[in-house]
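Engineer: give me coordinates for this.
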Amino acid sequence: MARRRRNRKQLDLTPREISIESMAHDGRGVGRGEDGKVVFVDYALPGEKVVYVPVMNRKSYLFGSAIEILEPSEHRIEPKCAVFGECGGSVLQHLNEKVKIQ
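Structural biologist: Numbers count the residues shown, from 1 in each chain. Below is the predicted model of the structure:
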């Protein structure tokens with residue numbers, strides 16, 4: 001029996017700017033896109049303005065990956081690990097350890 005294919009829209013990979021308002025439980029920055037949709041951005045910190053590329057689109061939210069930090073957070077530091085962002089290990093090495101996350 002043949003599987004039916006869903007009619008999925010092609011993901012628009014155009015880079016976009018966003019202001020990060022908070023942080024999700026998994027370390028992703030959270031902001032709202034121009035259309036009001038919640039956007040989770042890898043390696044973005046609260047208070048930052050970043051350029052991101054969408055990587056997965058869902059009905060009520062979007063996942064993105066930061067490609068440029070336009071306005072860095074005052075709490076951003078240089079990660080200690082040489083492979084930070086590649087291996088999927090500690091996702092908060094770019095966050096100052098003295099910051100309290102609410």
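
Engineer: residues in contact with stretch 64-73?
Structural biologist: Contacts with stretch 64-73, where a contact means C-beta atoms under 8 Å, 6 or more residues apart in numbering, come from 15-18, 20, 29, 39-55, 76. Every C-beta, even on glycine, is put in place using the N, C-alpha and C of the backbone.

Engineer: my read is that E21 contacts R28, right?
Structural biologist: No: assessed by C-beta atoms under 8 Å, E21 is found out of contact with R28, at 12.0 Å.

Engineer: neighbour count for these two, which is higher?
Structural biologist: A direct count of neighbours by other C-beta atoms under 10 Å for E21 and R28 places R28 higher, at 21 against 13.

Engineer: find the residue closest to the more buried one in space, skipping its chain neighbours.
Structural biologist: Spatially, and ignoring its direct neighbours in sequence, R28 is nearest to F40 (4.3 Å; C-beta to C-beta, 6 or more residues apart in numbering).

Engineer: neighbouring strands - and their directions - for the host helix or strand of the one you found?
Structural biologist: Secondary-structure assignment from DSSP states H and E places F40 in strand 38-42. Note on strand 38-42: by DSSP bridges, its sheet partners are strand 29-32 (antiparallel), strand 61-71 (parallel).

Engineer: need those in TSV (columns: mean neighbour count and mean pLDDT).
Structural biologist: Shown next, in TSV, are those (neighbours: other C-beta atoms under 10 Å; pLDDT from 0 to 100):
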stretch	mean neighbour count	mean pLDDT
strand 29-32	20	95
strand 61-71	16	95
